[in-house]
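predicted model, plus sequence, below.
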Amino acid sequence: MGIIIGLIVGIACGIFILGDAKKRGMSAGWSVLGFLFGLIGLIIYIVARKPISESSNLNNNNNFEFNQAVNQQVDIPGICPHCKNLNSKKIRLCEWCGGQIC
């Protein structure tokens, strides 16, 4: 019975470490540590892991803001005030330079 519980704890720690290591740009090999050593491996990983980089958070925020802007379509003139190229009528960001129109 103790072996089964140890195996379940090891698998759970390995899965958690795998997901967290991906977010932090670390090797998936860390999950083996969690699988083999369970809670002790998890503690070692938490002490040794890298912080989540600011750039990954910024990229996620920029993608969210861009998608929000694209979803809020309005009727506007088709010429970009920044690059002066002709665009579709119902957009908020220029198709050519990415500048905000309106």
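Perfect, thanks for sending it.

is it true that Thr44 touches Gly38?
One thing to correct before we go on: residue 44 is Ile, not Thr. No - between Ile44 and Gly38 there is no contact under Cβ atoms under 8 Å: 10.7 Å. C-beta coordinates here come from the backbone N, C-alpha and C atoms, glycine included.

who has more neighbours, these two?
Applying other Cβ atoms under 10 Å to Ile44 and Gly38 shows that Gly38 carries more neighbours, namely 20 against 15.

please enumerate the helices of the protein.
In the chain, the helices defined using DSSP state H lie at 2-23, 30-37, 39-48, 54-71.

report the angle between the first one and helix 30-37.
When you say that, I think you mean helix 2-23. Relative orientation of helix 2-23 and helix 30-37, computed by axes from the mean of the first three to the mean of the last three Cα atoms, to 10 degrees: 160 degrees.

give me the number of residues near Phe16?
Counted by other Cβ under 10 Å, the residues lying close to Phe16 total 15.

got the contact list for it?
Residues in contact with Phe16 (Cβ atoms under 8 Å, 6 or more residues apart in numbering) are Gly34, Leu42.

domain ranges for the protein, per the record?
Structural domains assigned to the chain are 2-52, 56-102, following automatic domain parsing.

which of those domains comes out lowest on mean pLDDT?
Lowest mean pLDDT within the domains of the chain: domain 56-102, at a mean of 62.

burial measure for the closest residue to Phe35 other than its chain neighbours, as a count.
With sequence-adjacent residues excluded and distances taken as Cβ to Cβ, 6 or more residues apart in numbering, Phe35 is closest to Gly14, at 3.6 Å. Gly14 has 23 neighbours, counted by other Cβ under 10 Å.

how near is Gly14 to Leu86?
To Leu86, Gly14 is 54 Å away according to Cβ to Cβ, to the nearest Å.

Gly2 and Ile79: what is the separation?
Taking Cβ to Cβ, one finds Gly2 at 73 Å from Ile79.
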